[in-house]
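Colleague: sequence? don't have it. structure:
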Ligand code: IMP
Ligand code: MG
């Protein structure tokens, strides 16, 4: 695998800016959900993992966490179609709970729309979305977003949970890929 320095176009969001914004989101969520009843954060694997673990440390009210994994039947790994397959379902019943879905990025919106449709059939008390990134220009289906970290331009990004061909999720910042320099084979 290539070292990321070989294809990093630019750092779009620094680690400091990510953490600052996540602190704000955590404070807002703590206020909004205070005294409401059971709060459950559901992280969509695997991209949302870093965001979840930083966000939950900034949420000051009691809450539980759960994980879900879905794969979308897309063209290659970079586009989704709206057909999803649940590869890991929740271990708990969400009936009457306040569910907040924690996502890394909303792109076309297909994955999220399918997840929301499925979870709403299980009758949670509320169902909202917190996404770190919103690539708003790429939206194909409308999805309600209650909390958004950053709106970003239509560029392929990586780091802080987001992968390129399953790698580079560990980086503490969000970078833009220079596709002319990225060689999957090398
Ligand atoms: P959507 O169904 O098109 O909204 O796709 C959302 C999923 O596509 C995300 O959860 C990511 O896994 C992936 N994705 C979309 N854009 C990017 C990107 O710029 N970098 C890395 N993954 C991305
Ligand atoms: Mg991915």
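Modeller: Alright, I've got the coordinates. All values reported here derive from a predicted model rather than from experimental measurement. Ligands and ions are numbered 1, 2, ... in the order given.

Colleague: contacting residues for residue 16?
Modeller: By C-beta atoms under 8 Å, 6 or more residues apart in numbering, the contact list for residue 16 is empty. No exception for glycine: its C-beta is placed from N, CA and C like everyone else's.

Colleague: From ligand 1, how far off is it?
Modeller: 21 Å (C-beta to the nearest ligand atom, to the nearest Å).

Colleague: Kindly report the residues of the protein close to ligand 1.
Modeller: Counting by C-beta under 6 Å from any ligand atom, the positions of the chain adjacent to ligand 1 are 47, 72, 80, 104-112, 135, 156-158, 162.

Colleague: can you rerun that using 5 Å?
Modeller: 47, 80, 105, 106, 107, 108, 109, 110, 111, 156, 157, 162 (C-beta under 5 Å from any ligand atom).

Colleague: Mind picking the two most distant members of these?
Modeller: 110 and 157 (18.2 Å; C-beta to C-beta).

Colleague: three-state assignment of residue 28?
Modeller: Put simply, residue 28 is helix when judged by DSSP: H, G, I helix; E, B strand; the rest coil.

Colleague: Model confidence score at it, please.
Modeller: You'll see residue 28 listed with a pLDDT of 98.

Colleague: That one reaches residue 146, doesn't it?
Modeller: No - counting by C-beta atoms under 8 Å, residue 28 sits too far from residue 146 to count as a contact (9.5 Å).

Colleague: How many residues are close by residue 40?
Modeller: 18 (other C-beta atoms under 10 Å).

Colleague: mind listing what it touches?
Modeller: 63, 64, 65, 66, 92, 94, 97, 98, 99, 100, 124.

Colleague: quick one: which of the residues you listed has the most company?
Modeller: Going by other C-beta under 10 Å, residue 100 tops these with 24 neighbours.

Colleague: Counting neighbours, what do you get for residue 31?
Modeller: Neighbours around residue 31, by other C-beta under 10 Å: 10.
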